[in-house]
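Only the shape, not the letters, is given here:
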């Protein structure tokens with residue numbers, strides 16, 4: 001009897017034990033204590049409907065380090081750009097490759113792909129969430145400060161897809177998450193209610209100082225994404241949420257600063273913060289590689305013995 005397909009779609013779709021396994025495996029890959037090249041003979045299809053640096057490089061390098069092959073696709077270079085349905089694309093790719101990663105603007109496309117694929121599907125980013133990034137962030141926090149359970153993470157800025165994955169993580173890993181966002185850019189209230197009913201301590205405010213005070217980690221993200229046309233309006237709205245030295249000073253003295261990158265220096269974060277001693281943004285970026293390797297081997301149900 002074949003085992004069910006293991007998709008990695010969102011943090012809230014997996015239980016804490018599974019997520020912990022992924023973190024431990026990612027750290028083991030970083031420490032080089034796992035067997036090399038367990039995915040020889042396997043192929044990963046990377047589909048990019050949105051540009052990427054970290055997601056593309058980390059998945060491609062990670063798959064090759066694991067011994068596998070990579071096929072790179074973009075919407076305009078495939079029949080997706082000419083009207084073929086996502087479901088039909090999923091059925092075809094499932095005959096050619098062993099795992100599919102999709103980076104897209106639509107959660108609906110990810111769901112349609114996973115519903116029709118007979119191989120694992122990985123969420124490389126949607127407009128709703130960015131789970132690979134936040135798994136790398138949690139891994140980074142625990143590398144530097146130990147277990148994240150019971151700690152305080154503060155988010156300042158747009159309640160976007162990365163913020164949503166942080167909310168999922170708060171519920172699964174049991175930490176307090178305080179989100180400071182303008183009223184018009186806050187995450188869905190129903191999601192906050194869900195998180196608090198499932199082990200998280202999530203609150204939303206319009207006051208970044210209140211959110212950051214005594215936090216163990218301060219997180220932000222770019223204010224203007226590729227699909228935003230209202231750049232000036234958004235920047236003016238989010239100016240009070242910039243992470244500068246004064247805001248960081250309200251957090252604990254050893255509080256970490258995180259940003260998933262790319263950063264727009266001088267907008268959501270100032271140079272002294274992102275380049276400062278508490279910043280771990282480059283460790284976050286590196287850890288995308290290691291957590292992606294953990295996700296790939298888990299999705300393909302490949303044991304990676306010590």
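Alright, I've got the coordinates. Because the structure is predicted, anything quoted here is derived from the model rather than measured.

State the distance from residue 190 to residue 171.
13 Å (C-beta to C-beta, to the nearest Å). Every residue, glycine included, has its C-beta placed from N, CA and C.

The two - which one has more neighbours?
Higher neighbour count among residue 190 and residue 171: residue 171, with 23 against 8, using other C-beta atoms under 10 Å.

for the more buried one, what are its contacts?
Listed by C-beta atoms under 8 Å, 6 or more residues apart in numbering, the contact set of residue 171 reads 12, 194-196, 198-200, 202.

run the last query once more with 10 Å
Taking C-beta atoms under 10 Å, 6 or more residues apart in numbering, we find residue 171 in contact with 11-12, 16, 177, 191-192, 194-202.

May I ask which of these has the most neighbours?
Using other C-beta under 10 Å as the neighbour test, those are led by residue 177, with 29 neighbours.

re earlier: looking at the contacts of residue 171, which is nearest residue 74?
Set against residue 74, the nearest of the contacts of residue 171 by C-beta to C-beta is residue 11 (26.2 Å).

Not counting residues beside it along the chain, what's closest to that closest one?
residue 168 (3.8 Å; C-beta to C-beta, 6 or more residues apart in numbering).

What helix or strand is that neighbour located in?
helix 161-173 (DSSP states H and E).

Just the mean pLDDT for that helix, thanks.
For helix 161-173, the mean pLDDT works out to 98.

Same question for stretch 20-36.
93.

can you give me the helices for the stretch 201-306 of the chain?
With helices called from DSSP state H, counting those that start in this stretch, the stretch 201-306 of the chain shows them at 208-212, 231-238, 245-248, 271-274, 281-299.

Next one: the residue nearest the centre of the chain from residue 253, what distance?
Closest residue to the average C-alpha location of the chain: residue 133 at 2.2 Å, with C-alpha atoms, centre = their mean. Per C-beta to C-beta, residue 133 is found 26 Å from residue 253.

buried ones in stretch 199-217?
By neighbour count with 16 or more other C-beta atoms under 10 Å, stretch 199-217 contains the buried residues 200, 202, 204, 208, 211-212, 215-217.

Just give me how far the next helix or strand after the helix holding residue 168 sits from the chain centre.
Next along the chain after helix 161-173, taking DSSP H and E as the criterion, comes strand 176-180. Centroid separation for strand 176-180 versus its chain: 17 Å, with C-alpha atoms, centre = their mean, to the nearest Å.

Which strands or helices does whatever helix or strand comes next after strand 176-180 pack on?
Going down the chain from strand 176-180, the next helix or strand is helix 189-197, by DSSP H and E. Packed against helix 189-197 by the contact rule (3 or more C-beta pairs under 10 Å, 6 or more residues apart in numbering; DSSP states H and E) you find helix 161-173, strand 176-180, strand 201-205.
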